Each structure stands twice: as C-alpha cells, then as structure tokens.
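Novice: With the input below, show me the fold.
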Amino acid sequence: MNPSTSPSIFSSITYIPPDAIFELTKKYNADQNALKVNLGQGTYKDENGHPWILPAVHTAKEKIKDSNHEYLPILGLLPFRTLATKLVFGSSAAAVREKRVSSCQALSGTDMASLLNTLNEAAPKSILVLHASAHNPSGWDPSPEQWEVIGKIMKERQLFPIFDAAYLGITSSDYAEDAFAIRYFAEELSLEVAVCLSFAKSMGLYGERIGLCAFVSHSTTAAVAVESALAQLIRVEISNPPAFGARIVAAVLEDESIAAEWSRNLVTMSSRIAEMRRRLFKELDQLDTPGNWERITRQRGMFCILGLSPHQVSLLQGPTLPSLKHFFPYIQINSLFTTIACDRRLVEYLDTVHREQAHPKTFHFWWSSINLPPLLYPDGYSGPSSRVLMERVSK
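Specialist: Numbers count the residues shown, from 1 in each chain. Below is the predicted model:
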C-alpha cells in the first residue's frame with residue numbers, strides 16, 4: 001500500500017500556529033538585511049546587539065568545567081537550592097532559619113484601584129499569580145507601600161500568592177529591593193507563599209532553563225511533606241533536573257568574589273536598561289512626538305508597551321513610509337518591545353509613524369477583546385485588566 005494513501009493515525013491532529021515571539025525571532029534570523037533590529041525577544045544584549053555572557057557566569061563556568069555528568073538528586077542540586085532560597089528570602093529570614101521552606105530545582109520562565117477591587121472580590125483561598133518586579137508586559141510595579149496594602153488584603157481574605165520572580169536583580173540592580181514583596185509577605189505578614197524563581201534573565205542563562213520552585217509553610221512538618229510531594233512530581237514529570245545551569249548558579253553564589261562580580265553585572269544590566277528608557281523618552285520629547293511618553297521612564301524592566309495599533313506596527317513591514325528605509329525592525333504586533341534594543345532609528349520610526357499615520361489618542365491592544373474590567377494607567381491609556389496584570393496563565 002502506498003503510504004501517501006494510507007489512513008494516518010495523526011489525521012486528527014490540527015496545525016497549531018507557532019509561538020509569536022519565537023516566530024518573530026525565526027524571521028529575524030533568516031533576514032539577511034544588515035539594518036534589521038530585533039525588538040521582540042526578551043534577552044539582554046550589549047551595545048552592539050550581541051548576546052552578553054556575564055563575566056561572573058564566565059568565571060563560574062571555568063570553576064565547574066571539570067564537574068561530572070552524574071544524575072542530580074530528584075529535588076535538584078542541594079547547594080543551588082540552599083543558596084537560591086537564601087538569596088530570594090534572605091539568609092536571616094525566619095522561614096529559612098526554621099527550615100519552613102521547601103524547594104526544588106525547576107525549569108524556569110498597576111492601577112491600584114482595579115487591583116485592590118480584584119483582591120477584595122476574590123473568593124477566600126483563591127490562588128493569585130503576582131509579578132515580584134518588572135511586570136511583564138506592562139512594566140508597572142506596585143510601590144513598597146502598595147505591596148503592604150496588597151499583602152494585608154491577601155492575608156485578611158486568605159488568598160494564596162504565587163510570585164513570578166523572573167527579573168529579580170535586573171530591575172533595580174538590588175536583589176533585596178526587587179524581592180521586597182516576597183520577603184514582606186513571608187516575613188512580616190507570615191503568609192504561606194510560593195515563588196517561581198528564574199535565573200534566565202539575572203544571569204543570562206536563557207537556554208539552561210534554571211529556576212527554583214519554593215514554598216514557605218507555617219511548620220517544618222508541612223515543609224517536609226511539601227518537599228516529598230515535589231520529589232514525586234519531579235520524578236513523574238522530568239525524572240531528574242539538569243545539572244549544568246544549577247552548577248553555574250551555585251558556583252556564583254557560593255563564592256564571595258564571584259557573587260560580588262555578579263552584583264556588578266546586575267548594575268551594568270539594570271543601569272543600561274534604565275538609560276535606554278531615559279534616552280528613548282528624551283528623544284521623543286525633544287522631537288515633540290505626538291502622544292504622552294512619560295510612561296516609558298515610569299515603567300521598569302526590560303519590556304515596554306508603546307501603545308501602537310497593529311496597523312501602526314505593520315507600517316514598518318512594507319513600503320508605506322519610505323522615509324524609514326534605513327530601519328527594519330522586528331516587533332510584536334501588540335507593540336511590546338525590549339528596551340535594550342532601542343536606538344535612534346526606533347525614535348525616528350515612532351516620530352514618523354505618529355506624524356504621518358497615527359491618531360495619538362487612539363490605542364488598540366491585543367487584549368482589547370478580553371471581556372474583563374479595563375485598567376487605566378496613570379497617563380490615561382487603557383491597558384490590560386487587573387487580572388491580566390496578575391496572571392499570565394494563558395502565555
């Protein structure tokens with residue numbers, strides 16, 4: 001029988017469109033144009049647009065180069081788990097001292113009125129996902145005072161927080177400052193919390209997928225039980241965690257000199273991200289570009305939503321604006337871009353688009369079809385709802 005005419009066991013499988021971000025990068029890599037710029041992928045690059053291996057990571061890799069390739073314990077490399085736990089919660093935290101934190105090595109990844117309304121309307125014992133710092137995609141973070149209000153409401157309503165901690169250290173360069181909400185909830189409010197910590201951004205270990213899943217319990221007995229459940233889950237899901245990334249992180253954190261070098265690397269990255277935001281705002285302001293761009297410097301982290309419509313974004317893909325032929329960007333259709341890729345060409349693009357084609361006060365976002373209460377940012381344009389801000393379940 002000809003295989004091409006035989007019934008296929010896979011005939012019921014339908015084609016699934018590729019991930020938008022990775023598809024954008026795929027097209028960028030295939031483009032031979034020397035003037036191309038990738039504004040979409042969220043990885044740190046140096047001033048020349050090249051991937052940056054943190055000097056501290058380079059030193060750590062040299063330190064572990066002779067390590068073996070044996071299986072790790074099911075819960076992961078113990079030095080990594082211990083050091084990462086102290087890093088995020090603080091080495092002097094009561095939960096750490098009293099051994100109430102259970103953890104496992106894992107594969108990594110605001111409008112106050114709306115947010116507080118959502119918390120107050122949530123059913124008791126609801127689980128909420130909160131971004132610890134540098135909210136992706138909005139860039140809007142609660143202040144310490146606002147986190148205190150959020151935490152107290154969550155405690156009163158018995159809500160359980162899961163912190164998405166992907167950007168600790170590169171938001172402000174101070175790991176403790178970026179981990180404020182986590183530490184306040186666990187230490188000051190004595191809440192049980194979960195933390196999903198990633199070192200992809202803070203150490204540039206994107207391809208290693210190295211992270212930590214940690215739970216703070218009220219008792220050591222509960223922590224032991226949780227850790228046993230984690231071990232069983234890992235055995236079923238991935239059997240054994242990968243070692244290389246964990247060894248790198250442990251080598252950085254356990255050596256004072258390398259850890260100090262890493263702290264300097266965090267300053268380098270966070271400072272450049274903040275400077276690129278200031279530079280973009282300054283250029284747009286000096287050009288009197290239509291629109292309110294103050295949010296660019298008020299937001300934090302690697303990502304920024306420009307507030308452009310899909311039509312405005314698509315203008316760059318064709319010959320609509322011949323004055324911009326020196327700029328060939330790859331940007332997500334929702335106008336989310338990574339700030340470290342910003343340069344003068346992006347400024348000229350935004351200015352030209354807004355002058356020739358834009359309606360400065362009209363913004364259309366990819367989430368506009370979601371039937372949820374809108375969130376209004378301080379500068380007046382509509383953004384995602386408070387639920388979208390807190391949760392990335394659909395991503």
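
Novice: Can you list the buried residues in stretch 44-56?
Specialist: Tyr44, Trp52, Leu54, Ala56 (16 or more other CB atoms under 10 Å). Bear in mind the C-beta positions are built from the backbone N, C-alpha and C, glycine included.

Novice: could you pull out the strands for the stretch 151-300 of the chain?
Specialist: In the stretch 151-300 of the chain, the strands defined using DSSP state E, counting those that start in this stretch lie at 160-165, 193-198, 211-216.

Novice: The buried residues of stretch 44-56: which two are farthest apart?
Specialist: Tyr44 and Ala56 (13.6 Å; CB to CB).

Novice: need the buried residues of stretch 44-56 in a markdown table with secondary structure, can you?
Specialist: Output for the buried residues of stretch 44-56, formatted as a markdown table (DSSP: H, G, I helix; E, B strand; the rest coil):
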| residue | secondary structure |
| --- | --- |
| Tyr44 | coil |
| Trp52 | coil |
| Leu54 | coil |
| Ala56 | helix |
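
Novice: Leaving out the residues flanking it, which one is nearest to the spatially most central residue of the chain?
Specialist: Closest residue to the average C-alpha location of the chain: Ala166 at 4.7 Å, with CA atoms, centre = their mean. Spatial nearest neighbour of Ala166, excluding adjacent residues (CB to CB, 6 or more residues apart in numbering): Ser198 at 4.5 Å.

Novice: doesn't Gln105 make contact with the one you found?
Specialist: No - using CB atoms under 8 Å, Ser198 is not in contact with Gln105, being 11.6 Å away.

Novice: Comparing the two, which shows the higher neighbour count?
Specialist: For Ser198 versus Gln105, neighbours defined as other CB atoms under 10 Å are more numerous around Gln105 (29 against 22).

Novice: Can you list the strands that the host helix or strand of that one pairs with?
Specialist: In this assignment (DSSP states H and E), Gln105 forms part of strand 101-106. Strand 101-106 has the following sheet partners, assigned by DSSP bridges: strand 211-216 (antiparallel).

Novice: Once you drop chain neighbours, what's closest to Val267?
Specialist: Using CB to CB, 6+ apart and skipping residues adjacent in sequence, the residue nearest Val267 is Ser173, 4.4 Å away.

Novice: Any figure for the gap between the one you found and Asn136?
Specialist: Ser173 sits 18 Å away from Asn136, going by CB to CB, to the nearest Å.

Novice: One more: Asp46?
Specialist: Distance of Asp46 to Asn136, computed by CB to CB: 21 Å.

Novice: Please apply the same query to Phe160.
Specialist: 21 Å.

Novice: Those two: which is more packed in?
Specialist: Asn136 (17 against 14).

Novice: ok, that one - contacts?
Specialist: Gly42, Ala166, Tyr167, Gly301, Met302, Phe303, Arg392 (CB atoms under 8 Å, 6 or more residues apart in numbering).

Novice: Looking at those, point me to the pair that's furthest apart.
Specialist: The distance between the two most remote of those (CB to CB) is 15.1 Å, for Met302 and Arg392.

Novice: Between the two, tell me which one has more neighbours.
Specialist: The neighbour comparison of Met302 against Arg392 (other CB under 10 Å) goes to Met302, with 26 against 15.

Novice: That one against Ala341, yeah?
Specialist: No - using CB under 8 Å, Met302 is not in contact with Ala341; the gap is 9.6 Å.

Novice: got any ranges where the stretch 201-350 of the chain has weak pLDDT?
Specialist: Low-confidence segments of the stretch 201-350 of the chain (pLDDT under 70): 315-327, 343-350.
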